[in-house]
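Sharing a sequence plus its predicted fold:
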Amino acid sequence: MAEDRRFPVLVGRQRETELLTAALVQAEDGASGSTVLLRGDAGVGKSTLVARVERVACGRGFTVLRAVGTEAETDFAFGALHQAFWSLLQRSDALSAHQREALESAFGVRSGTPSGFAVGAAALALLEEAVWTAPVLLLLDDLHWMDSSSATVFAFLHRRCAELPVAIVGATRPDGPAAQTWSAEAVDVPALPREDAALLLGTCYPELAAPAKERVLTEAAGNPLALVELPRQLAAAQQWGAAPLPERLPLGRKLERMFAERLGTVTPEVGRLLLLGALATGPDSGSAEWLRALADENAREILDRIEAEGLARLDPAGHLVFRHPLVRTAVVSTASDTARREAHRALSETLAPDDPRRLVHEAAAALLPDEDLAHRLQEAGRDLAHRGGEAEGALLLERAAVLSPSSCDRVRRLTWAAVMAARGGQLRHTVALVEELKSSTVPQDTAPLFSYAVVYADQSHHVDFESSAALLPAALDTLTAPGADTFGGLVEQVYFKLLLAATYTDDPWAWRALERHRENVSEVGRLCLRAWTAPGPDAAAALMATAEGMTQEQEAGAAWLLLWTASALDCPEGDLWQRFSGLHGYATQGSVAKAKAHQDYLLGHWDRAAVCLREAEMADELGYHTNGLMFRLYHAHFLAGRGDEAGLREIERTIGPIATRARMRYVLDRLSHLRGLAALAHRRYEEAYAHFCELTPPGRLPGGRPWHHTLVLDLVTAAVHTGRQEEARAHLAAGAGAGSAEISGRHALLCAAATALAADDDEAEAAYRAAYAVPGAEQWVFDLARLRLAHGAWLRRRHRPGAREALRAAHHVFRRLRATPWAAQCEEELRAAGDSVAPTQNGPVTGAAGLTGQELRIARLAATGLTNKQIGRQLQLSPRTVGAHLYKIFPKLGITTRAALAHALDGG
């Protein structure tokens, strides 16, 4: 997945690069020489800095001399000096015979034993000759591995080059000899801060899944080499998030050699103590159990030796803290399988039988099938899932499946693992497990759970709802039969998945199955079905009453049903979504985020519109493609409300074909509605009326779907403006007969506002006042602003007082929402009323003046049509960083889509 690059990526390191550049400038000016000694741990990026300064020096016309120390050549006298100065010696015309003889003897060209001073003086003479034509950069990488003869000469040159236009840049580890013997003050190169580490990882691996990124960032602890190398060792499925990460990230040859080089010389006693400490490290583990497992009376003495060697130290809590997290990984990875199992077994024996850590150690020590251990792992996994750790529970179930002697038990546990992995955010892994299970014989008693897993993968990942109607009704029949195993409340979850499929596709078979099993589910399940079919009066009040009466444990199990019910009813009262923030894995949190996005639109928090796109990207990255589609649909609501038809078309091009293939009538109808809403914003009333009539012909509410009731204001507005008063009143009558206004507070406002728009002149003022008086009307910001616009326009045209006040209030809201076409309607009415008002610009800042230099570069590239990934390649940024910049750029330019970038920049 990493891109091939000619040069290593450099992220951050501003202080170090400034010092290196200053050294080059000083030499270039001919004033004097300087030395920069970079000091840092292995893999921290010293060589990358050296490579950068070399490129810069070559570009400035320096003569670059380079030597790299290697462990294999530490005993070759003057080997490093030969690397750096051989080319100069071959070209030299100014060396005396004595100096040439000294160097040639040192380099093995002729026999002789030159003194170190003579060789140093000859090397200095070569530098003095070289600087006549160009300044010189002497690069000394891995000084700690250089032979002592060369190191002595380089130290001599460092002291004598102060008056020459020579820059010397060395790189060494903290314990290297140069770090102690050179007079130059060392520049410590620390680990990268987390922000820079994340940027480097994203630049090199833009497609790495979020769980893998987080794990690599933690394990690498800011070490650039580890950040680059660790992902390379993962399987493709692990990189993409389709398979769980291993317990220990494999190091690969480079890292293993780097972090394990000091482990090869330790004694068996030290190695065993390090292994026990590495395996016992955790937030709840102290020194007692792993020191007891060591069973060595010299344990404290061994610990002192380890601390003296700098491998690890014992902290006050008794944890063995390694010099770097990857040293711990190296300790575990370099140990044999037998040694690891023995260590786990020893650790397990020191823990109480009911200690959950004992079970983990026993599982790691197990080699053969063990039903007792598998059963205990299964119960522990289910307990973890019940407490919100679905992803972790899935791993325990998979381990239990491996240890199962029976093939039937293996399939049962693997099926549970697939379900838990999906709920915990590992949907790609669920898809892989489901495919594996399809080639196995699924026991009849596990069929409902397997059907649920298949549908979960199809609905959430493949955006495919055919299996829902095919499998879930039969699963419900089995689960609700007398004496059937319900798999710990699976009936409600299967019912919800079937309801979701019915809502999205309007499949009649699914609706019939839901009605057939209505009495087999809880009150909240029945309420959710009611909300999406025939909500009726006080449905929102019933939802809140039901939620208030539930315990926290009941809420957690019913989270999806409660949130989907609230979505049907446009019911944000009580911030229902907040009850579930932080509960469970991505499956629940994704539902929470969708509820929050919809609420932001309804309540006028339109400054958060871009959050929908970020959530969509995250959902797609985790494999939840249906969530990604829905987040883009929610974003389309903001675009339509703002009258951004170009942005709306872009969203349609993205999700329309997918929704068509999946027969998601809900999504396609919503897009038709939004096209009509955007047409209303631009006062194309005939077009808007046609869109709305496709969904709900005047005077008829097909199917009783709750969101059809919310079309009343839009359809009546379009009808009134096209002279269709009778159709408007017929639709109002249909809504009154269906009890639309009694569904929720928003439904009440929309019906009252539509009634006012369609009223005769002698009744209109009272109808407008009644709409304003709807309880909670002020929270529906966009809807209320539209009501005020309509009222103000009605008052102005009849020369009645109060028009300006209503229009100004609406204008203020539309400007804040950046709903430019609606604000323009207010401005026209205000000017007609004799009120001077400045034309609305789409946002508080326009043009490029408000952008930083980096934002302007990104905006210009995006305006040419480049993707985030292509922009990132050009600017050496991760696609996610580019997206974050665009998230800030769009509001500054007063736009909502990439399509508007070019025009906005030109306007600036």
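Yep, that arrived.

And the helices in the stretch 501-650 of the chain?
For the stretch 501-650 of the chain, the helices defined by DSSP state H, counting those that start in this stretch cover 508-516, 523-533, 539-548, 552-557, 559-569, 586-602, 609-622, 625-641, 645-661.

got the buried residues for the first one?
Neighbour counts over helix 508-516 (16 or more other CB atoms under 10 Å) mark Trp509, Ala510, Trp511, Ala513, Leu514 as buried. The way it works is simple: take the backbone N, C-alpha and C, and place the C-beta from them, glycine included.

Thr63: which of these is nearest?
Ala510 (76.9 Å; CB to CB).

need the least confident one among the helices of the stretch 501-650 of the chain, by mean pLDDT.
If you rank the helices of the stretch 501-650 of the chain by mean pLDDT, helix 552-557 sits at the bottom with a mean of 58.

how many neighbours does Ala422 have?
31 (other CB atoms under 10 Å).

Helix, strand or coil: sort out it for me.
Three-state call for Ala422 (DSSP: H, G, I helix; E, B strand; the rest coil): helix.

Look up which helix or strand Val36 falls in, please.
Following DSSP states H and E, one finds Val36 within strand 34-39.

Against which helices or strands is that strand packed?
If you count contacts as 3 or more CB pairs under 8 Å, 6 or more residues apart in numbering; DSSP states H and E, strand 34-39 packs onto helix 14-28, helix 46-59, strand 166-172, helix 177-181, strand 186-188.

and the angle from the second one to strand 34-39?
So that's helix 46-59. 150 degrees (axes from the mean of the first three to the mean of the last three CA atoms, to 10 degrees).

for helix 46-59, packing partners?
With contacts defined as 3+ CB pairs under 8 Å, 6+ apart, helix 46-59 has these neighbours: helix 14-28, strand 34-39, strand 63-68, strand 136-141, strand 166-172.

And the buried residues of helix 508-516, which is closest to Ala134?
Nearest to Ala134 among these, with distances taken as CB to CB, is Ala510, at 78.3 Å.

I'd assumed Ala470 was in contact with that closest one.
No: counting by CB atoms under 8 Å, Ala510 sits too far from Ala470 to count as a contact (10.0 Å).

For my notes, confirm Ala191 occurs in a strand.
No: Ala191 is assigned coil when assessed by three-state DSSP, not a strand.

Show the contacting residues for it.
Asp41, Val44, Ala197, Ala221, Gly222, Asn223 (CB atoms under 8 Å, 6 or more residues apart in numbering).

hmm, back to that, neighbouring strands for the strand holding Val36, and are they parallel or not?
strand 166-172 (parallel), strand 186-188 (parallel) (DSSP bridges).

Just send the helices of the stretch 501-650 of the chain back as TSV, with distance to Ala738 too.
Shown next, in TSV, are the helices of the stretch 501-650 of the chain (distance: least, CB to CB, whole Å):
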stretch	distance to Ala738
helix 508-516	18
helix 523-533	12
helix 539-548	12
helix 552-557	31
helix 559-569	14
helix 586-602	21
helix 609-622	31
helix 625-641	23
helix 645-661	27
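
For Ala730, find the nearest of these.
helix 523-533 (23.2 Å).

For the nearest residue to Leu65 once chain neighbours are set aside, give its distance to Ala123.
Spatial nearest neighbour of Leu65, excluding adjacent residues (CB to CB, 6 or more residues apart in numbering): Ala84 at 4.4 Å. Ala84 is 8 Å from Ala123, where distance means CB to CB, to the nearest Å.

Ignoring the adjacent residues along the chain, who's closest to Leu89?
Leu103 (5.5 Å).

Do me a favour and average the pLDDT over whichever strand or helix holds that neighbour.
Using DSSP H and E, Leu103 sits in helix 97-106. Mean pLDDT, helix 97-106: 86.

Equivalent analysis for stretch 227-238, please.
77.

now stretch 772-787
94.

likewise stretch 855-868?
80.

If you compare the directions of the strand holding Val36 and helix 14-28, what angle comes out?
Using the same axes, to 10 degrees: strand 34-39 against helix 14-28 is 150 degrees.

and strand 34-39, how far from the chain's centre?
On the basis of CA atoms, centre = their mean, to the nearest Å, strand 34-39 sits 38 Å off its chain's mean C-alpha point.

residues in contact with it?
16, 19-20, 22-23, 26-27, 46, 49-50, 143, 158, 161-162, 167-174, 176, 178-179, 182, 184-189.

Just the CA atoms of it, as CSV, please.
Taking Å, rounded to 0.1, in the frame of the first residue of the first chain, the C-alpha atoms of strand 34-39 are listed here in CSV:
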residue,chain,number,x,y,z
SER,A,34,30.3,24.5,11.1
THR,A,35,29.4,21.1,12.5
VAL,A,36,26.0,19.7,13.3
LEU,A,37,25.9,16.4,15.2
LEU,A,38,22.5,14.7,15.1
ARG,A,39,22.0,12.4,18.0
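
Compute the mean per-residue pLDDT across the helix or strand hosting Ala84, please.
Using DSSP H and E, Ala84 sits in helix 79-91. Averaged across helix 79-91, the pLDDT comes to 87.

mind listing what's buried in it?
Gly79, Ala80, Leu81, His82, Gln83, Ala84, Phe85, Leu88, Leu89.

just wondering, since we're on the third one, how far is it from Ala51?
Which is Leu81. 21 Å.

How about Asp464?
Taking CB to CB, one finds Asp464 at 49 Å from Ala51.

related to what we said a few turns ago, kindly report which one of the helices and strands packed on strand 34-39 carries the lowest mean pLDDT.
helix 177-181 (a mean of 54).

quick one: the helix or strand hosting Ala474 to helix 508-516, angle?
Element membership for Ala474, per DSSP H and E: helix 466-479. With the same axes, to 10 degrees applied, the angle from helix 466-479 to helix 508-516 works out at 30 degrees.

In terms of secondary structure, what does helix 466-479 contact?
Against helix 466-479 (3+ CB pairs under 8 Å, 6+ apart) you get helix 447-457, helix 490-505, helix 508-516.

can I get these in TSV with distance to Ala97?
Listed next are the helices and strands packed on helix 466-479 as TSV, based on distance: least, CB to CB, whole Å:
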stretch	distance to Ala97
helix 447-457	81
helix 490-505	90
helix 508-516	97
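
Of those, which is nearest Glu855?
helix 490-505 (38.3 Å).

roughly how far is the closest one from the heart of the chain?
For helix 490-505 - counting by CA atoms, centre = their mean - the centre lies 28 Å from the chain centre.
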